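J.: prediction below, plus the sequence it came from.
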Amino acid sequence: MPKIFTDPDDLAEDIIRDVGTNLVVGLPLGLGKANHIANALYARAAADRAIKLTFFTALTLEKPRPKSLLERRFIAPVIDRLFGGYPDLTYAGALHAGALPPNISVIEFFFLAGKWLHAPFAQQRYISANYTHASSYLLARGLNVVMQLVAKRVVDGETRYSLSCNTDTSLDLLRARAEGRAAFKVYGQVNSELPFMPGAGDLAASEFDAVLDSPETDFPLFAPPAEPVSDTKYAIGLHTAGLVRDGGTLQIGIGQIGDALAQGLIVRHREPARFREIMQRLSPGAEPSALETATFEKGLYGVSEMLTEAFIGLIEADILKREVDGVALHGAFFLGPRSFYRALREMAPDRLARIQMMPVSFTNELYGDEAAKRRARVDARFVNNAMMATLMGAAVSDGLEDGQVVSGVGGQYNFVAQAFALAGARAILTVEATRQGKARTHSNIRWNYGHLTIPRHLRDVTVTEYGVADLRGKSDADVIAAMLGVADSRFQSELARQAKDAGKLSKNFEIPADKRENFPERIKAALRPAREAGLLPSFPFGSDFTDTEQRLIPALQVLQEAQRSPLQLPGLLWQGIIGSPDAADAECLARLGLDNPATFSERAYRALVSAALARSRAE
């Protein structure tokens, strides 16, 4: 049985006594980190340079850091409410400050998106890895400690611990230890908010060498609030929803596009006529026969490295219901808002049993019981996000051409490879057609780019807000034409010119007339009736933001866009000065502490926010 500790410093000392002073520590990706134990080990190593400590991990979670006055006033109460009790990881602060002791190393294979750009220490020690390869890299480095947040349950007097949110690499590592391919100690930290998930991650206490279990080290889980789904993301999600076959298999990646896709599937299932109407407005020139619009009579089976709140919404809508050995959804890790964790904790046991947490080697690969996986993963749709795509179908998802890592490869390549290995499967990469820079709009569809995540020989389906580009098995010229058709029309001519200059597109090629209206205004107009009818809510699966905060978010987005075009600011300022806020707007201003402005700066912000609130309503 494991030793039980109530003090993390005592447990850290025990680890050093048992394992030694050369510690190679595996911390799970994201939510499952045993923060108190990690911080205690860090403090011990920082105080004693004879201890060599290496953390191998991914997706280090950190509280938001507001920059401007409005950001601070908006987000600070949200941080206190949602993250106030979450213990910061000491190593993350030291990395940001460039103050990591020389005997401590932090190695990650996936970053929180954009968090570590231009942070030399983190960038230099990043390992580019497929998710499924991470455990083997850990073992090769001499892993001797695994530390994980766990849920606890006592059944008939027997204590059991659940790996809960992170079976991903942990189960693969435990299998290696059971097979004699590794020798490491396992330490758990009990968290009362963590859902106890049934399945392979439900472990006997004997699997652990020691456990930290104390009310003093219990803490609220990291719970990022759901963000509002924009028109752009809804358009992408709806286009993707029209590619999913009843009776098929679904994987969804990280982000709001997953929420948009799930809501699109729900609209299609509950109101198929309205779904067809929305799609006709979105793509008036598209071939209706190419669109999947049937309700989900057979239902879908989910197999996804990440389990999200969107999947719970699909279960509740009776869409995710095709079972494989009694399971409707296999996942490998999860992260989400408080309502998501609560839904899992409070779910009826028979229903929860239909959700099984598995190793990432199961969800992301066909190897191991391959025949059964092939039978289960029929008509699979693997949906993942990319930052940019090239005209010849390659995708840029994890980094920039100067070598800076934005996030990581994660499981994206794994799922693309699966799509080509499985009959009837497709890899769908979603890309927003444009992004807003400091002074101008940029196209995310590029002629070429100096860094690629998915090469063009694995091009399959690319979806933007403007439609679907089916690329598999097509010639370069046909692929370029298809990608031009889903690019923003402000950039199509220049992109076509570059392709023609390179000799990859016929000189007399012309973009079809129905593809020359790819503008954000058309998307907004196409979705407006469905938005007004409540079919496409900003928060399809609920929100941890208050009603006042939800009204403020689009207004702050208006201000953010105006700051990129400074000529808009005087107009907004004047509109706010001459306007008079209504009661709802007054609540919003009070929420930002601008109800009684005391300085010139506060009076200016009050006017700008008032005008932005009015403009966001009008839009």
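T.: Yes, it's here.
J.: report pLDDT for Pro566.
T.: On the pLDDT scale, Pro566 is placed at 69.
J.: and this structure, what are its domains?
T.: Domain assignment of the chain by automatic domain parsing yields the ranges 3-217, 231-522, 547-618.
J.: mind telling me which of these the model trusts least?
T.: Among the domains of the chain, domain 547-618 scores lowest, at a mean of 87.
J.: and stretch 594-606, what's buried?
T.: Buried positions in stretch 594-606, judged by neighbour count with 16 or more other C-beta atoms under 10 Å: Leu594, Glu602, Ala604, Tyr605, Arg606. C-beta here means a position set from N, CA and C on the backbone, and glycine is covered the same way.
J.: measure that stretch end to end?
T.: 6 Å (C-alpha to C-alpha, to the nearest Å).
J.: name the residues that touch it?
T.: Here stretch 594-606 makes contact (C-beta atoms under 8 Å, 6 or more residues apart in numbering) with Leu69, Leu70, Arg73, Leu573, Gly576, Ala586, Leu589, Leu592, Gly593, Val609.
J.: what sits against Gly485?
T.: Going by C-beta under 8 Å, 6+ apart, Gly485 touches Tyr466, Gly467, Ala469, Ile511, Pro512, Lys515.
J.: show me where the stretch 201-350 of the chain has its strands.
T.: For the stretch 201-350 of the chain, the strands defined by DSSP state E, counting those that start in this stretch cover 202-204, 210-212, 249-252, 301-307, 329-334.
J.: quick one: strands adjacent to the fourth one?
T.: When sheet partners are counted by DSSP bridges, strand 301-307 sits next to strand 249-252 (parallel), strand 329-334 (parallel).
J.: can you redo those as CSV with mean neighbour count?
T.: As requested, those are exported to CSV (neighbours: other C-beta atoms under 10 Å):
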stretch, mean neighbour count
strand 249-252, 26
strand 329-334, 26
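J.: what about these, which gets the closest to Leu291?
T.: With C-beta to C-beta as the criterion, Leu291 lies closest to strand 249-252 of these, at 17.0 Å.
J.: just give me the residue right at the centre of this protein.
T.: Ile254 (2.4 Å; C-alpha atoms, centre = their mean).
J.: list the buried ones in the longest strand along the chain?
T.: Using DSSP state E to define each element, the chain has its longest strand at strand 145-155. Neighbour-count burial for strand 145-155 flags Val145, Val146, Met147, Gln148, Leu149, Val150, Ala151, Lys152 (criterion: 16+ other C-beta under 10 Å).
J.: between those residues, which is nearest Arg345?
T.: Ala151 (8.9 Å).
J.: contact partners for the nearest residue to Leu320 once chain neighbours are set aside?
T.: Residue nearest to Leu320 in three dimensions, not counting chain neighbours: Leu314, with 4.0 Å by C-beta to C-beta, 6 or more residues apart in numbering. By C-beta under 8 Å, 6+ apart, Leu314 lies in contact with Leu250, Ala262, Leu265, Ile266, Leu300, Gly302, Leu320.
J.: and the two most separated of those?
T.: Ile266 and Gly302 (14.3 Å).
J.: export the domains of the chain to a markdown table and tack on distance to Phe539?
T.: Formatted as a markdown table, the domains of the chain follow (distance: least, C-beta to C-beta, whole Å):
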| stretch | distance to Phe539 |
| --- | --- |
| domain 3-217 | 14 |
| domain 231-522 | 8 |
| domain 547-618 | 7 |
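J.: which one of those domains lies nearest to Leu536?
T.: It's domain 231-522; of the domains of the chain, that one is closest to Leu536 (C-beta to C-beta) at 5.2 Å.
J.: mind checking the end-to-end distance for that closest one?
T.: End-to-end distance for domain 231-522, by C-alpha to C-alpha: 10 Å.
J.: next: stretch 315-334.
T.: 16 Å.
J.: what does stretch 79-93 give?
T.: End-to-end distance (C-alpha to C-alpha), stretch 79-93: 17 Å.
J.: residues in contact with that stretch?
T.: Outside stretch 79-93, the residues that reach it (C-beta under 8 Å, 6+ apart) are 33, 35-36, 38-39, 42-43, 55, 60-64, 66, 100, 104, 106, 219-225, 338, 544.
J.: list the buried residues in it.
T.: Arg81, Leu82, Phe83, Tyr86, Leu89, Thr90, Tyr91, Ala92.
J.: can you check stretch 323-343 too?
T.: For stretch 323-343, a neighbour-count test (16+ other C-beta under 10 Å) marks 324, 327-341, 343 as buried.
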